[in-house]
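> what's the 3D shape of this:
(one chain, ligands or ions: 2)
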Amino acid sequence: MKIIYSDRHRLHAGDKEMYRGQLVPCFEKPERADFVYDAVKARNFGPILEPKEFAVAAIERVHAPRYIRFLEKAWDLWSAQGYTNDALPAVWPVRGHRTDIEPDHFAGKFGLYSYDSGTPFTAGTWAAAKTGADIALTAQQIVGGGERAAFALSRPPGHHSGPDFFGGYCFVNNAAVAAQAFRDNGAKRVVVLDVDYHHGNGTQTIFYDRSDVMFLSIHGDPRTEYPFFLGHADETGSGEGLGYNKNYPLPAGSSNALWFDALGDAVRRINEFKPDALVISLGVDTFADDPISKFQLREPEYLKLGAQIAALNLPTVFILEGGYAVAEIGHNVAHVLQGFEDAA
Ligand code: OKP
Ligand code: ZN
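Ligands and ions are numbered 1, 2, ... in the order given. Okay, here's the model as predicted:
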């Protein structure tokens, strides 16, 4: 399969994130993509290609224009105040507060469009996030054009970014952008399957009231795991979308048997839905030695995951999400792709 990659991910290199009351070095760092790049190159899955450039309109199919306008100008607004360090949000609207009026002050705008303090915005964040979306769109175009699969090797990740919010290291929802592009290019039904350790709260929110894009996510139970406020089993969609959202919240520390029971149920539902295309939010923070997550997957499980995705027999776009055991992230991703290729 073709791999889509750009060096421009380096433009997003946050310094510190707020974590347990302290500013600590960012977990989501450029080395992650470097290890993935090295691993997929070594295995010769296919050519590694530069993304094409797409109009921002493709992103605005799933994100609010006022949110994208803000991301485009956020660094200029911030640096105009004299700052050269990364920006971190520190004040947010909660229940009962107004979100219809965008404040004039940067701190207010920044809080309006975000939901945590772990996601620094840097001088190059928008450029990197835009390129990440271009990578996802290029992968979608290749698969939409008839190839069996492609891998969008992008960072920062995307699945926590919703219609008008960033957070969880994510700014533009690459998986949602790709799924929407499948729809806009003729696919009738699309599935986004999210296997990252964390619930894809952004993706769920984007497609929650739609029946044309089914979202399924296997993740740490939000009662104890980030992002805490979404990802429960009773969230099944709304309106037209009722029945097209499926969450598998599993207790932190869950066995691999339990994880694959959830995947088996997801596979059954996907087959019943009969989609035309599949987008995989491929986080490998499910790895047993991940520093911020608590599942137990390893090489054999990643091979098996890849094989079970291949068995769906669908045009498939893989998009990189999380994975913070940096030295192992490349092998873990490569094993999923290897399992897929061996079974496809
Ligand atoms: C992103 B992805 C908040 C820090 C909490 C956020 C985890 C984001 C994971 N102050 N950590 O799903 O891998
Ligand atoms: Zn994650």
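> Now do the helices in the protein.
Taking DSSP state H as the criterion, the chain contains helices spanning 30-42, 65-79, 106-112, 125-144, 174-184, 201-207, 256-273, 299-310, 326-343.
> Make TSV out of those helices and add mean pLDDT, distance to E225 and mean neighbour count.
Yep, even glycine has a C-beta here, placed from its N, CA and C like the rest. Below are those laid out as TSV (pLDDT from 0 to 100; distance: least, CB to CB, whole Å; neighbours: other CB atoms under 10 Å):
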stretch	mean pLDDT	distance to E225	mean neighbour count
helix 30-42	98	20	18
helix 65-79	98	26	17
helix 106-112	98	23	19
helix 125-144	99	24	25
helix 174-184	99	19	28
helix 201-207	99	11	27
helix 256-273	99	14	16
helix 299-310	98	19	20
helix 326-343	98	19	21
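> and of those helices, who's closest to D290?
Ranking the helices of the chain by proximity to D290 (CB to CB) places helix 326-343 first, at 8.5 Å.
> Distance of the residue in the chain that ligand 1 sits nearest to relative to G158?
Closest contact between the chain and ligand 1, by CB to the nearest ligand atom, is at G322 (2.0 Å). Separation of G322 from G158 (CB to CB, to the nearest Å): 10 Å.
> Which one's more surrounded, those two?
Neighbours were counted for G322 and for G158 using other CB atoms under 10 Å; G158 has more, 31 against 28.
> Any residues of the stretch 101-250 of the chain in contact with ligand 1? List them.
When proximity is defined by CB under 6 Å from any ligand atom, the stretch 101-250 of the chain lies next to ligand 1 at D116, S117, G118, P157, H160, G168, Y169, D196, H198, Y226.
> thinking again about what came up before, and the residue of the chain closest to ligand 1, what does it touch?
E28, P157, Y169, D196, Y197, H198, G283, V284, D285, S293 (CB atoms under 8 Å, 6 or more residues apart in numbering).
> Which two among these are spaced furthest apart?
Y169 and V284 (14.3 Å).
> Tell me which residue of this protein is furthest from the middle?
In the chain, the residue that sits farthest from the middle, by CA atoms, centre = their mean, is G82; the gap is 32.1 Å.
> Next, work out how far apart that residue and F106 are.
In terms of CB to CB, G82 sits 11 Å off from F106.
> Show only the entries of the contacts of G322 found in strands.
Among these, no member falls in strands (DSSP state E).
> By neighbours, which of those residues wins?
That'd be P157 among those, by other CB under 10 Å, with 32 neighbours.
> Now that residue: closest residue in space that isn't a chain neighbour?
In this structure, P157 finds its nearest non-sequential neighbour in E321, 4.3 Å apart by CB to CB, 6 or more residues apart in numbering.
> Hmm, the one you found is touching T286, no?
No - with contact defined as CB atoms under 8 Å, E321 does not reach T286; the gap is 10.5 Å.
> Identify the contacts common to these two.
Counting by CB under 8 Å, 6+ apart, the residues touching both E321 and T286 are D196.
> Tabulate the contacts of G322 (CSV), appending pLDDT and distance to ligand 2.
Listed next are the contacts of G322 as CSV, based on pLDDT from 0 to 100; distance: CB to the ion, whole Å:
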residue, pLDDT, distance to ligand 2
E28, 98, 9
P157, 99, 7
Y169, 98, 8
D196, 99, 4
Y197, 98, 5
H198, 98, 4
G283, 98, 4
V284, 98, 9
D285, 98, 4
S293, 98, 7
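> what would those residues look like in CSV with distance to K274?
Listed next are the contacts of G322 as CSV, based on distance: CB to CB, whole Å:
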residue, distance to K274
E28, 35
P157, 29
Y169, 33
D196, 25
Y197, 28
H198, 28
G283, 26
V284, 28
D285, 30
S293, 32
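> Can you give me every residue that contacts G231?
Contacts of G231 (CB under 8 Å, 6+ apart): H199, N201, Q204, S217, H219, D221, P222, N247, P249.
> And it, how close does it get to R298?
Counting by CB to CB - G231 and R298 are separated by 24 Å.
> Equivalent analysis for Y197, please.
14 Å.
> neighbours around the nearest residue to P251 once chain neighbours are set aside, how many?
Spatially, and ignoring its direct neighbours in sequence, P251 is nearest to D221 (5.5 Å; CB to CB, 6+ apart). If you count neighbours by other CB under 10 Å, D221 ends up with 18.
> W92 too?
Around W92 there are 18 residues (other CB under 10 Å).
> where does the residue found closest to it once you drop the neighbours it is linked to in the chain sit relative to ligand 2, distance-wise?
Residue nearest to W92 in three dimensions, not counting chain neighbours: G111, with 4.6 Å by CB to CB, 6+ apart. Taking CB to the ion, to the nearest Å as the measure, G111 falls 23 Å from ligand 2.
> again, but for T119
Computed as CB to the ion, the T119 to ligand 2 distance reads 13 Å.
> my read: that residue touches P157, true?
No - in this structure T119 lies outside contact range of P157 using CB under 8 Å: 10.4 Å.
> Touching both of those two, which residues are there?
Common neighbours of T119 and P157 (criterion: CB under 8 Å, 6+ apart): G168, Y169, C170.
> residues touching the closest residue to L303 other than its chain neighbours, list them.
Among residues not flanking L303 along the chain, G339 sits closest, at 3.8 Å (CB to CB, 6+ apart). Contact partners of G339, counting by CB under 8 Å, 6+ apart, are Y302, L303, K304, L305, G306, A307, I309, A310.
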